[in-house]
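[1] Quick check, what structure comes out for this input:
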Amino acid sequence: DLRIQGIVNGLLEFLRESWPLIQHDHPEVRFRILGRNAPQRLQQHLASLPSVEHTPWVDNFVEYLQASDVVVFPEKSGTGIKNRVLQAMAMGLPVIGSHVAFEGINFQVSLQSPERLSPAEFAYKVSRLLDCSDSRRLAGNEARQFIQCHYSLDVVGPQYQGLFEKIAHKPVVNLRVQTAIYQPETTDSR
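    Model prediction:
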């Protein structure tokens, strides 16, 4: 959602500082941005950048991502686990992200490690993946395996079931709250 300033700030920093370095090493590369609700000014800025394509919405998210060699999440703020990061990893795509993008995901794998990256380090990691299809395949396989080991239904399902069973077996405390309903007096207008 490109109304979220932390996402926009990370995107603009990436475009200003990392993207030129990537383009220098890979002049043929295109950067596709999938993000809804972009303000008009941001849309105009993105449209003015060479080799940058902004798409507000796609009907088939999986197809859109699968057409990518590398997926980047450069956001600067946010909370909770980013499902879009988990989805890209589950699809076996190499993911490079800011430390914020990986918050809540204990993922430490080669090029994709979620440490704080300078713009040059971010560009370097993306370029390294673009350089070699074997590196992309390895990083994607590591990401998919991580998801299967930590976030698959076989792993998460029993955790949720245990939580629900624990909640169901706790004693229930009924609190009776007395409420008074205010009813205005009616006057007879006869």
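[2] Give me the buried positions along the helix or strand of the chain with the lowest mean pLDDT.
    Taking mean pLDDT, DSSP states H and E as the measure, helix 153-168 is the helix or strand of the chain with the lowest mean score, a mean of 86. The neighbour-count check on helix 153-168 (16 or more other Cβ atoms under 10 Å) flags nothing as buried. Just so you know, the C-beta spots here come from the backbone N, C-alpha and C atoms, and that holds for glycine as well.
[3] Outside of it itself, list whatever touches it.
    residue 149 (Cβ atoms under 8 Å, 6 or more residues apart in numbering).
[4] Give me the neighbour count for residue 92.
    17 (other Cβ atoms under 10 Å).
[5] who are the neighbours in contact with it?
    By Cβ under 8 Å, 6+ apart, the residues touching residue 92 are 140, 141, 143, 144.
[6] Provide the backbone phi and psi angles at the second one.
    Right, the one you point to is residue 141. phi -60, psi -40 (degrees, to the nearest 10).
[7] who's in contact with it?
    Counted by Cβ under 8 Å, 6+ apart, residue 141 has contacts residue 92.
[8] Roughly how far does it sit from residue 89?
    11 Å (Cβ to Cβ, to the nearest Å).
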